[in-house]
Every structure is written in structure tokens, then in C-alpha cells.
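Participant: Following is a predicted model, sequence given first.
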Amino acid sequence: MFGADRKKLVMCQACRGLIEPRLKTCPLCGRESVPPLPARIVESASSSHFISLLLLSINIVLFVLMAFAESKSGGGGASFINSATEPVLTNFGVRRPDLIAQGQWWRLVTPNFLHLGVMHLMFNSLALYQIGPLAEELYGSQKFLFIYLGTGIISNIASFVFGIRGAGASGAIFGLIGLLVVYGYRLGGAGGRGLAKQMLIWAGAGMIYGFILHADNVAHAGGFIAGAAFGLLLAPSAPSTHRDAIVWNGAAIACVLLIVASFACVGAAYGRTASPDDVKTFFGTFKQLEGDLSRSYITRNTSNTDVIANAKLLRSEISDIKRVRPIDNESEDIKQRLVALATKRAVELESLDANATTVPQMSFEERAAIEQIVQSFNTWINSGVLEKYGLELKSK
């Protein structure tokens, strides 16, 4: 995965003497030292900006994939401009505190690569394109990847703690800004002070932008603080010794594996996670089926046409509610109980003789069963499920 230097002689990073690349210890100064080239992520990465451009490309590719998914679900051409709908965002791994709390840890990683609309992507891409290469050149590709992913995860943890949903690379970008502020301060001189000042202006403008557009400033602040901490802890240089190269190559590989594993989890869970739209759909289909089921017992019209129409209506609504994506075990139990009762009523209506003069009325057991189902449904709704999915029950 990491390229080897093929030059006949390389420069010792300690004494600057020319030595054979196979040597781990410099024979001139006795120090363990290797050139930066063997520490690069890939052999073809001749540019020190490789990881920055790779991250930028991943963000764009994922945005296009989300737009295609939104378009296939009926979003049309606007899918490439506006933010994807909640179901698509959920499927691609957007940060949702409720699902993270249920064990979907990858939603602390994947939001760093997802964006809510083309303008969101453009702003973050511009910032990453301008700041990323500088940080990568100063710290080396391995440290840069570690810092970028680490600050992004920390920013998502901060938002998770405050229960904020969302996505975007801005937490990691603020991490790079915090990193460069500390680097400039440590560097000192006119150049260092100028860099630190410029990065602080970027940070201030980003926070103001966040307040105006109601963006996630918790993630911005969390990323900035994490980046500043990395700036204090890590040396601003690429790995220069054999031991450092091994450590940071390993860290870079771990970051890559974490990203791959996170999106593998996204793929495994794709289409299986309930969204707020699923909760709203379940709410509507439950109310519709429960209401028509109850009315089917009240009607006194015994015409064969109306009886068959009622049976078909129940069958159609049973099919509708069964297609709703599972939300949790409690709602699934409520759904199954209502479907069983409605199916029994549909069969009862379908089996009536064409010359029947009466429609079977609701028995005491059936009335009690419906009341228990409704009570269970109301208990489920009032248990906080609406707040959990960012919804509210509007009274008429």
C-alpha cells in the first residue's frame, strides 16, 4: 500500500547525508532516519495534496449518488440542487442521535462525507480545497488523514451529545482551521501570526455563517477545539524516522479501514432503517385502518355491493400498513394485532351470502380488542417516539 523509494541514494532526515535507501540507521550520524517518500499513502501519490483531493472527490461522488437515489425516489432534477429527503439521508448514514444511541456507531464517521444540498457541498469543498493541501503539506498525508477523520468524529460526537441531527465536512474543516491556528502561533514571526490570524478570521466567518443559516455550530466548535488540541500534541512535520513512518502508516491504514467499515455498515443497513416519514406513514395508515374497521361494524347497509366494497377497502388498507417499514418492536406488535383483526373482518364480510339481510356486528371481544390496540397505539405515540424522530403531533 505504501510505495518504496527506488532512488539509489536518499537523504538522511537528521544529518542530510546521502545514504542507501535500504539502511534504517544512518552510518554518518548514527540516527534512525528515513526520507518522507516511503511514508506516502500510495506509490502514485507524488503530490503532497493527494489525500485532500481524494477526500474532496469522495464527498462529490457521495453527493452525486445521493442525488441519483433521490431522483429515483421521485425527487426529479431538484435532487441535484436541494438536500436529499430524510429517507435518503438516513440510508446514506446521516448523523441521527436516536440511531447512534441504538448502536449505529458508524453515523459518527459517515456524516463527514455527506452534504445537505449543492451549496453546502460547494462551500465545504472550497474550504477543503484551500485549507486541506496546506495542512497535508505541513503534517504529511498520514497525520493529515488522522487529524481530518479524528476531528470530524469528535465534532459528530459533540453534536450527538446535544442531540443534533445533520451531516457535512465542516466539523473536520474547522478541525483543520484549529490545527493551523495553533501551528501559526507555534511558528511565530510575521508568517506564523499572519496564518493564525487568517485562520481565526475563517473560523469567525464560519461561526457567523452558522448562526445566520442555523448550521451546526456545535460541530464547528467541537472540530475547532479538537484540531487545536492536535496542533498542540502533534509535531508539524511528515514522519521522518523509520519508527514514525511505521506508526503513522499504521494510523493511516486504520483510518482507511474505519471509513470502509463505516460505509460497509451503511450498505448493510441500507433501506432497513425507519425514518420520520415512516413514522408519519404508520400513523396515517393506522388511523385509517382502525377507523374503517370500526365503521365496518357500525354500518347497517346490507347491500352486497357495499359489503364487498367494505371488504376490498379493508384489504387495501391492510396492504398499505403492511408495507410500512418496521419502526420498532412495539409498533410492529400493534400493527400485527390490527392487521389480524381487520383481516378477520374482511374475511367475514367476503363470506356473507349475497342474500344476507344483516351484517355481523361487533362482539364484546372484538370491541375490547380494538380498544386495547388503540390504547397501545396511544401509549406508543406518547412514549416519546415523535420527539425521537423530530416530529410533533398537531391538534386539529
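Facilitator: Perfect, I can see it now. Residues are numbered from 1 along each chain as shown.
Participant: can you dump the C-alpha coordinates of stretch 111-123 into CSV?
Facilitator: Output of stretch 111-123 as CSV, limited to C-alpha atoms (Å, rounded to 0.1, in the frame of the first residue of the first chain):
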residue,chain,number,x,y,z
PRO,A,111,-21.6,12.3,8.1
ASN,A,112,-18.1,13.7,7.5
PHE,A,113,-18.6,12.8,3.8
LEU,A,114,-22.3,13.7,3.2
HIS,A,115,-23.8,17.1,2.4
LEU,A,116,-27.2,18.7,2.5
GLY,A,117,-27.6,20.3,-0.8
VAL,A,118,-25.2,21.6,-3.6
MET,A,119,-24.5,24.9,-1.8
HIS,A,120,-23.5,23.0,1.3
LEU,A,121,-21.1,20.9,-0.8
MET,A,122,-19.7,23.8,-2.6
PHE,A,123,-18.9,25.8,0.5
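Participant: Name the residues of it that are buried.
Facilitator: Neighbour-count burial for stretch 111-123 flags 111-118, 120-121, 123 (criterion: 16 or more other CB atoms under 10 Å). Glycine gets a C-beta too; all of them are placed from N, C-alpha and C.
Participant: Now, those residues that are in helices?
Facilitator: If you go by DSSP state H, those have 118, 120-121, 123 in helices.
Participant: could I get the residues you listed as TSV with pLDDT and distance to residue 214?
Facilitator: Supplementary listing: those in TSV, determined by pLDDT from 0 to 100; distance: CB to CB, whole Å:
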residue	pLDDT	distance to residue 214
118	91	18
120	92	12
121	94	18
123	93	15
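Participant: Give the other helices and strands that the longest helix along the chain contacts.
Facilitator: Assignment by DSSP H gives helix 242-269 as the longest helix of the chain. Judged by 3 or more CB pairs under 8 Å, 6 or more residues apart in numbering; DSSP states H and E, helix 242-269 is in contact with helix 86-92, helix 141-161.
Participant: Most tightly packed of the ones you listed?
Facilitator: Ranked by mean neighbour count, these are led by helix 141-161 with a mean of 24 (mean count of other CB atoms under 10 Å).
Participant: what helices or strands is that one leaning on?
Facilitator: On a contact count with 3+ CB pairs under 8 Å, 6+ apart, helix 141-161 meets helix 50-70, helix 97-101, helix 118-139, helix 170-187, helix 217-233, helix 242-269.
Participant: let's see it at 7 Å
Facilitator: helix 50-70, helix 118-139, helix 170-187, helix 217-233, helix 242-269 (3 or more CB pairs under 7 Å, 6 or more residues apart in numbering; DSSP states H and E).
Participant: Output it in PDB with nothing but the alpha carbons.
Facilitator: Output of helix 141-161 as PDB, limited to C-alpha atoms (Å, rounded to 0.1, in the frame of the first residue of the first chain):
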ATOM      1  CA  SER A 141      -0.500  12.600   4.400                       C
ATOM      2  CA  GLN A 142      -0.800  10.100   7.200                       C
ATOM      3  CA  LYS A 143      -1.100  12.700  10.000                       C
ATOM      4  CA  PHE A 144      -3.400  14.800   7.900                       C
ATOM      5  CA  LEU A 145      -5.800  11.900   7.300                       C
ATOM      6  CA  PHE A 146      -5.700  11.000  11.000                       C
ATOM      7  CA  ILE A 147      -6.400  14.600  12.100                       C
ATOM      8  CA  TYR A 148      -9.100  15.100   9.500                       C
ATOM      9  CA  LEU A 149     -11.000  12.000  10.400                       C
ATOM     10  CA  GLY A 150     -10.400  12.400  14.200                       C
ATOM     11  CA  THR A 151     -11.700  16.000  14.300                       C
ATOM     12  CA  GLY A 152     -14.600  15.000  12.200                       C
ATOM     13  CA  ILE A 153     -15.600  12.200  14.500                       C
ATOM     14  CA  ILE A 154     -15.100  14.400  17.600                       C
ATOM     15  CA  SER A 155     -17.300  17.100  16.000                       C
ATOM     16  CA  ASN A 156     -20.000  14.500  15.400                       C
ATOM     17  CA  ILE A 157     -19.800  13.200  19.000                       C
ATOM     18  CA  ALA A 158     -20.300  16.800  20.200                       C
ATOM     19  CA  SER A 159     -23.400  17.100  18.100                       C
ATOM     20  CA  PHE A 160     -24.600  13.700  19.200                       C
ATOM     21  CA  VAL A 161     -24.300  14.800  22.900                       C
END
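Participant: List the contacts of it.
Facilitator: The contact list for helix 141-161 (CB atoms under 7 Å, 6 or more residues apart in numbering) reads 39-41, 45, 48, 50-51, 55, 95, 97, 100, 108-109, 111-112, 135-136, 139, 166, 171-172, 174-176, 179, 216, 218-219, 222-223, 226-227, 230, 234, 239, 248-249, 251-252, 255.
Participant: where does the chain have its least confident helix or strand?
Facilitator: strand 10-11 (a mean of 64; mean pLDDT, DSSP states H and E).
Participant: Please pick the buried ones from the contacts of helix 141-161.
Facilitator: 39-41, 45, 48, 50-51, 55, 95, 97, 100, 108-109, 111-112, 135-136, 139, 166, 171-172, 174-176, 179, 216, 218-219, 222-223, 226-227, 230, 234, 239, 248-249, 251-252, 255.
Participant: who are the neighbours in contact with residue 180?
Facilitator: By CB under 7 Å, 6+ apart, the residues touching residue 180 are 131, 134-135, 195, 199.
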